[in-house]
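Engineer: The following block contains a protein sequence and its predicted model.
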Amino acid sequence: MPLGERTRGRIKQGLNSPSSGIIFADSFETGDLSKWNTVPISGIYVTVVTTPVHDGKYAAKIWTNNISINPSLTEAFPAYYDTLCFSSFIRLTRLPTNVLSQLMRIGRWTTVPFPFFTSSIYLGVSLSGGNYYWTVNDVVTTTQVQANIWYNALLMASRQLRRIKVWINNSVLRDIPTTPLTANAVGFRIQPNNTPVDDGIYVDSVQVLSFGVT
């Protein structure tokens, strides 16, 4: 499972809010995207595939070849949480021809006038010196990204801890103090900076863990 006991233990340390446990999970084994709130451009730029997969028979693919099309896959919850943890396995379809500024995100979801994320944190990819690196909210890290490898990514937004934290394969990628933030949504978004050529990600084994309903 993507959200291992070791990582859960790290998150629970220092948190006084009771855990609500796993509030959402999808490994796409239904063969469709029916569990998700919003699936823009479903069937073209957001699809279920049988290969490659991290576990089971199915995974999701989110991709684009058009700078004006930024497909996303989003799950919004009826409550806001003091701490929301978003875990999944992701795999780049290829090394992008240009920067992918957003891949995974967590934050607040508003429905009026148009649904979008506000006050969000996100994991992306940046091109620098011929190599690709993970970015967190546009901050480039020193951890390189490779294509055709499954990475376990975990994003945490915590009002109680006043910080956002991102792990890749159980190693801390970024730990950033921030203003208090409650979160009610998670999602994936492909947003290239320039015209891409079949740039995107595969997604599998998604879990969302919550602490403390506000």
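Structural biologist: That came in fine, so what should we check first? Numbering: from 1, shown residues only.

Engineer: now the helices: where do they sit in the protein?
Structural biologist: 5-12 (DSSP state H).

Engineer: Low-confidence ranges, it, go.
Structural biologist: 1-20, 38-43, 112-114, 180, 212-214 (pLDDT under 70).

Engineer: Report the buried residues of the lengthiest strand in the chain.
Structural biologist: If you go by DSSP state E, the chain has its longest strand at strand 72-92. When burial is assessed from 16 or more other Cβ atoms under 10 Å, strand 72-92 yields the following buried residues: 72-77, 80-92. Using the backbone N, CA and C atoms, a C-beta is placed for each residue, glycine as well.

Engineer: likewise stretch 157-168?
Structural biologist: A157, S158, R159, L161, R163, I164, K165, V166, W167, I168.

Engineer: Distance check, the second one against N70.
Structural biologist: Separation of S158 from N70 (Cβ to Cβ, to the nearest Å) stands at 27 Å.

Engineer: Kindly report the same for the third one.
Structural biologist: Spatial separation of R159 from N70 under the definition Cβ to Cβ is 28 Å.

Engineer: before we move on, what about the fourth one?
Structural biologist: For L161, the distance to N70 (Cβ to Cβ) stands at 30 Å.

Engineer: repeat for the first one
Structural biologist: In this structure, A157 and N70 are 22 Å apart, going by Cβ to Cβ.

Engineer: do the last one as well
Structural biologist: Counting by Cβ to Cβ, the gap between I168 and N70 amounts to 23 Å.

Engineer: same check, this time on N37
Structural biologist: Using Cβ to Cβ, N37 is found at 17 Å from N70.

Engineer: Show the contacting residues for the residue minimising distance to the centre of the chain.
Structural biologist: Central residue of the chain (Cα atoms, centre = their mean): M104, 2.5 Å from the mean position. M104 makes contact with F86, S88, I90, Y122, L123, A153, L155, V186, G187, F188, according to Cβ atoms under 8 Å, 6 or more residues apart in numbering.

Engineer: That one bridge partners, please.
Structural biologist: Here M104 shows beta-bridge partners L123, F188, assigned using DSSP bridges.

Engineer: same deal with the one 5 residues further on?
Structural biologist: With DSSP bridges as the criterion, the beta-bridge partners of W109 are F117.

Engineer: For it, list the residues it contacts.
Structural biologist: T74, A76, P115, F116, F117, N184, A185.

Engineer: For it, give its distance to P78.
Structural biologist: According to Cβ to Cβ, W109 and P78 sit 11 Å apart.

Engineer: which residues do the two both contact?
Structural biologist: In contact with both W109 and P78: N184, using Cβ under 8 Å, 6+ apart.

Engineer: can you count the residues close to T118?
Structural biologist: 10 (other Cβ atoms under 10 Å).

Engineer: can I assume it is in contact with T111?
Structural biologist: No: the pair T118 / T111 is not scored as a contact, 11.4 Å apart, by Cβ atoms under 8 Å.

Engineer: and V140, how many neighbours?
Structural biologist: Counted with other Cβ under 10 Å, residues neighbouring V140 total 14.
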